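Peer 1: Task: produce atomic coordinates for the following.
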Amino acid sequence: MHPPSVDALARSISDIDLPQPLLVDAARLAIASGDPESARQQAELLYRSLLGPTINATGVLLHTNLGRAQFGYSQSPRATNLEFDLISGKRGSRSEHAGKLIAKLIGAESAIVVNNCAAAVTLVLAALATDKGVAVSRGELVEIGGGFRVPEIISQSGARLIEVGTTNRTRLQDYASAKEIYDAALLLKVHPANYRITGFTEETSVQQLATLDLPLVVDLGSGLLDEACSWLRDGKPDWLKEEPGARQTLQAGADLVMFSCDKLLGGPQAGIIAGRSDLIAACSAHPLMRAFRAGGLILSALQETAIAYLRRDGDAIPFWKMVQTPLDELEKRANALEVGTLLATNAVAGGGALPGAKIPSFGVMLQGDHAATLRAQNPPIIARVNENTTIIDMRTISEEDDSLVSQALKKCI
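Peer 2: Predicted coordinates:
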């Protein structure tokens with residue numbers, strides 16, 4: 001018996017929303033496996049491997065595997081003034097748009113945007129400390145997701161690491177000695193965004209470090225712009241009380257701050273370098289800037305996010321809208337699902353930010369592991385499973401998706 005033609009098999013599954021070349025790939029895979037009937041399954045697997053929307057029901061607001069901060073953005077299919085000065089008619093700078101707004105938000109002289117915070121750290125060290133010593137507390141030689149380690153990034157940037165203090169205690173004199181004995185040219189302070197050291201500890205503050213006659217660079221990581229949180233209706237929430245703001249860090253004496261845009265800022269994946277204009281200029285002029293600079297789509301989305309902050313409109317930023325949703329509203333929405341057992345839960349920030357911080361929430365609980373069934377929905381629903389119990393947390397679900405979640409849960413039972 002001859003196998004069916006690839007073209008005929010591909011046409012038989014054309015109702016699946018894939019372009020013809022990919023349907024042909026699925027047909028070929030099915031025929032090659034000796035099971036032409038599996039062509040539809042192959043196509044569906046291919047479709048589900050593509051990037052697409054999901055419903056985050058995990059209670060992790062900045063879920064790294066789900067793209068961290070959610071944000072909605074669209075752009076007209078026209079050219080933009082990305083590097084064009086509309087006033088002079090001459091070439092402009094891509095830092096004049098979003099970067100200028102971020103600088104205004106945090107009281108910095110200047111700011112530039114790069115691909116992510118890792119790129120920001122690498123660029124700053126390469127531009128300001130190549131072949132020079134960089135003093136870092138041993139308690140801040142961190143590793144974040146994906147194996148990004150501070151000592152390795154310092155080495156790759158061409159700088160020389162000078163470890164100061166101990167894991168749990170680092171004093172101002174430790175940094176001063178690094179300057180006097182080991183000829184440190186830069187101080188790097190790294191905010192431990194994804195862990196906590198408690199007990200017999202001592203940390204040197206930004207304000208103390210600023211008394212030393214060396215450039216002070218602070219990697220804030222998570223990207224809280226301002227501790228005042230003026231864009232929130234009720235001000236700064238309790239679970240953010242330990243988190244330093246970029247504005248306050250600069251006011252305390254930091255020369256540069258660096259942070260992510262897709263965490264507490266609630267924007268697209270990017271990284272910010274902000275502070276003294278002369279140091280920003282040195283970073284902008286470094287050859288790595290061209291490799292690390294952000295593209296027009298990211299800059300435009302970041303500009304839109306910055307404008308929402310300037311308007312003090314936290315609800316226009318999906319992350320902060322989730323944060324601000326009242327607990328009684330979440331309880332009401334959970335009850336309205338009409339499936340499962342009502343459950344008081346604790347959401348978390350996620351994204352390597354604010355370890356241990358709990359954000360009160362509500363959801364529903366179903367007995368059994370229904371994660372696979374929920375992932376099979378369109379759009380897929382990503383839930384939390386704990387001890388053979390499936391938990392749906394309402395804080396990370398958009399209200400517009402409640403009906404989809406309810407329908408999916410009914411299929412589970």
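Peer 1: Please, where are all the helices along the stretch 301-413 of the chain?
Peer 2: Using DSSP state H, counting those that start in this stretch, the helices of the stretch 301-413 of the chain run over 318-324, 327-336, 371-375, 402-412.
Peer 1: Give me whichever of these is most buried.
Peer 2: Most buried of the helices of the stretch 301-413 of the chain, by mean neighbour count (mean count of other CB atoms under 10 Å): helix 318-324, with a mean of 20. (Each C-beta comes from the backbone N, C-alpha and C, glycine too.)
Peer 1: Mind listing residues that contact it?
Peer 2: Applying CB atoms under 8 Å, 6 or more residues apart in numbering, the contact partners of helix 318-324 are 61-62, 69-72, 231-234, 237, 264, 266, 314-315, 359, 395-396, 398.
Peer 1: Ok, stretch 381-401 next?
Peer 2: 54-61, 63, 66, 318, 322, 325, 330, 333-334, 337, 340, 343, 345, 347, 359, 361-371, 374-375, 404-405, 408-409, 412.
Peer 1: Over to stretch 136-155?
Peer 2: For stretch 136-155, contacts defined as CB under 8 Å, 6+ apart pick out 64, 118, 121-122, 125, 134, 160-170, 174, 188-190, 192-195, 197, 201, 203-204, 221, 352.
Peer 1: Show the end-to-end separation of that stretch, please.
Peer 2: 13 Å (CA to CA, to the nearest Å).
Peer 1: again, but for stretch 50-58
Peer 2: Length of stretch 50-58, first residue to last, CA to CA: 21 Å.
Peer 1: gap between T130 and V136?
Peer 2: To V136, T130 is 16 Å away according to CB to CB, to the nearest Å.
Peer 1: do the same with R395
Peer 2: R395 sits 36 Å away from V136, going by CB to CB.
Peer 1: Which ChimeraX command selects the buried ones in the contacts of stretch 136-155?
Peer 2: One line in ChimeraX is enough to select the buried members of those, burial here meaning 16 or more other CB atoms under 10 Å:
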select :118,121,122,125,134,160,161,162,163,164,165,169,170,174,188,189,190,193,194,203,204,221,352
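Peer 1: Checking K189 next. Helix, strand or coil?
Peer 2: For K189, the assignment made with DSSP: H, G, I helix; E, B strand; the rest coil gives strand.
Peer 1: Contact partners for it?
Peer 2: 136-137, 140, 204, 206, 209, 216-219, 254.
Peer 1: can you check A281 too?
Peer 2: Counting by CB under 8 Å, 6+ apart, A281 makes contact with S110.
Peer 1: do the same with A408
Peer 2: Here A408 is in contact with 373-374, 377, 381 (CB under 8 Å, 6+ apart).
Peer 1: Looking at the contacts of stretch 136-155, which are in strands?
Peer 2: Secondary structure defined by DSSP state E assigns 134, 160-164, 188-190, 221 of those to strands.
Peer 1: Can you tell me the closest non-neighbouring residue to S38?
Peer 2: Among residues not flanking S38 along the chain, A30 sits closest, at 4.6 Å (CB to CB, 6 or more residues apart in numbering).
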